[in-house]
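Student: need coordinates for the following:
(chains A, B and C)
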Amino acid sequence: MPELPEVEVTRRSFGNRIEGARVSAVRTGKPLRWPLGIDPQRLVGLRVGTVSRRGKYLWLALTSDEHPSSAALAEQHAASGGLLLHLGMSGSLAFVEQVSPPGPHDHFDLVTDIGTLRLTDPRRFGAVVWSEGLYEGTALRLLSKLGVEPFDPTFNGDNLYAAIKSRRVAIKGALLGGGIVVGAGNIYACEALFAAGIDPRARSDRLSLARCRRLADAVRSTLQAAVDLGGSTLRDFRDSHGMAGEYQLQAHVYGREGAPCRTCGTSIRRVVQAQRASYFCPKCQKR
DNA sequence: ATGGGTACCTGTCTGC
DNA sequence: TGCAGACAGGTACCCA
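Tutor: I've put the predicted structure just below:
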């Protein structure tokens, strides 16, 4: 589910509330995508720092404010580092003062002195992983392959053109891959391609510079509009307050097979590319 | 290097 | 109503 807008909306909904909290307990449920990578007990006593986002990952900085001179304490607690979180296909985070007993899909609780951050993830494609730092260890390994942030000024039509002109994949796949620009999953890749008037099956090496410029603008504005509307709630996305998103209500193509295009009235088509559904308007979007 | 397929896991919906 | 099968927002990894 969660693409960049949902992850960003989640971050904004709890990041500043949890900052400064002290971890008092950690509860783990069923295994997630990867093992936590640290004894949960070693997180107790650490203090939560800034919550940041890279692509669809969230980084929860955790620091120790014990005196480093105390060897005994250093053994007890982990040194500074953080948790890298991913919501996978079905994950959501809640941050509440009082948590209910964990349900069958609640697989991680970070209990602090001011509230509990809980990951709920029915499909368990999500992850919570310890890393010594954002630029080392596991986080580095996972994040270093990611493309540029869509809101970064270096993401523009010229750079997009340069990145895809030698590749012979369908443009939809190039967007989805995340190696060029991060953040657009299936919904927003479809919506951005509609906004740019590009058929999702168009080969990336055949796109002109002008169309790449339109596409870069479309990716950025589509993701920004979704963030502003609180993300998309297709089934179960909620921010950390439990609020649903509303972007799905104004989707132009995603999930609208057979419905009239909001621009020209033509029936929206659905095709499968690399085992993923793509929706598009055959009249408004050209190869 | 590139691109294609597989894998992870469970809930929900569709059609017979 | 029951049940098999398709399908779902992500992405790392393996192989040709």
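Student: can you name the element that comes right after the longest helix seen in chain A?
Tutor: Across chain A, the longest stretch assigned as helix under DSSP state H is helix A:209-228. Downstream of helix A:209-228, the next assigned helix or strand under DSSP states H and E is strand A:269-273.
Student: identify the residues contacting that following strand?
Tutor: With C-beta atoms under 8 Å, 6 or more residues apart in numbering as the test, strand A:269-273 has contacts from A:170, A:172-173, A:200-201, A:257, A:277-282. Just so you know, the C-beta spots here come from the backbone N, C-alpha and C atoms, and that holds for glycine as well.
Student: show me those that map onto strands.
Tutor: The strands, defined by DSSP state E, take in A:277-280 from the contacts of strand A:269-273.
Student: check contacts around the residue lying closest to A:R276 once chain neighbours are set aside.
Tutor: The spatially closest residue to A:R276, leaving aside those adjacent along the chain, is A:N186, at 5.5 Å (C-beta to C-beta, 6 or more residues apart in numbering). Going by C-beta under 8 Å, 6+ apart, A:N186 touches A:3, A:176, A:254, A:276-278.
Student: briefly note if stretch A:236-250 comes near DNA strand C.
Tutor: Yes. Using C-beta under 7 Å from any atom of the strand, we find that stretch A:236-250 touches DNA strand C at A:236-237.
Student: could you give me the buried positions within that stretch?
Tutor: Using 16 or more other C-beta atoms under 10 Å as the test for burial, stretch A:236-250 gives A:237-240, A:245, A:247-248.
Student: how far away from the center of its chain is it?
Tutor: Distance of stretch A:236-250 from its chain centroid, counting by C-alpha atoms, centre = their mean, to the nearest Å, is 14 Å.
Student: which residues of the stretch 101-250 of chain A fall in helices?
Tutor: With helices called from DSSP state H, counting those that start in this stretch, the stretch 101-250 of chain A shows them at A:137-143, A:157-164, A:171-177, A:186-196, A:209-228.
Student: for the stretch 1-150 of chain A, which spans come out with low pLDDT?
Tutor: Flagging of the stretch 1-150 of chain A using pLDDT under 70 yields the residue ranges A:1, A:67-77.
Student: any residues of it in contact with DNA strand C? List them.
Tutor: A:1-3, A:6, A:33, A:55-57, A:86, A:88-90, A:123, A:125, A:142, A:145.
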